[in-house]
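Participant: Sequence and predicted structure are below.
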Amino acid sequence: MTNSTPDMVDFWKNQEQKIEARINEEKKALNLALFQQKQFQKLKILKSNLNKRPYIRDVKINIIKKAIPQIITPAHTPDDMVSLLDKKILDSHAPPNLQYCFTFQGKNYHNLNEIHYLSMFKEISRVNKYSSLQEGKYLCISFMWNRK
């Protein structure tokens, strides 16, 4: 053994750390690609049910949810609430998701102004301190938001 042996150990430990960092970056990229693929599959479901009757969907997703403190109906522009939820998602270092969902009580509504959203949520790709797992059968409705 020579005096250069410890340097080689440090060199290979350094190489290992660099390789593991690259692997972690590639895993993040793969997870993002898989999440986006899942989002486009859901978009197909939404489009196939667009402006049709409510439908039941089996769900098992991680979400970030935010309560809605004021009255917001499907007739309102929810941009302020969406931006608050997006900030929470970005703060948690989760990739953004353009689709957002609202919850409301199931009743016999006569017009859109009677529906008061209770909360809104977005799906995220990985669990974090803000997220929760939602699992089960959900009654869903798909419509294109439009102020006209």
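Facilitator: Thanks, I have it.
Participant: Of all the helices and strands in the chain, which has the lowest average confidence?
Facilitator: Ranked by mean pLDDT, DSSP states H and E, the weakest helix or strand in the chain is helix 79-91, scoring a mean of 83.
Participant: That one packs against which elements?
Facilitator: With contacts taken as 3 or more Cβ pairs under 8 Å, 6 or more residues apart in numbering; DSSP states H and E, helix 79-91 sits against strand 55-67, strand 119-124. Where you see a C-beta, it was placed from the backbone N, CA and C, and this is true even at glycine.
Participant: right, so those strands: which one is the most enclosed?
Facilitator: Of all the helices and strands packed on helix 79-91, strand 119-124 has the most neighbours on average by mean count of other Cβ atoms under 10 Å, namely a mean of 20.
Participant: Which elements pack onto it?
Facilitator: strand 55-67, helix 79-91, strand 101-103.
Participant: Let me have these in TSV, extended by distance to Asn111.
Facilitator: TSV is the format used below for the helices and strands packed on strand 119-124 (distance: least, Cβ to Cβ, whole Å):
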stretch	distance to Asn111
strand 55-67	21
helix 79-91	21
strand 101-103	16
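Participant: Nearest approach to Lys13 belongs to which of the ones you listed?
Facilitator: helix 79-91 (33.5 Å; Cβ to Cβ).
Participant: the inter-axis angle of that closest one versus strand 119-124?
Facilitator: 40 degrees (axes from the mean of the first three to the mean of the last three Cα atoms, to 10 degrees).
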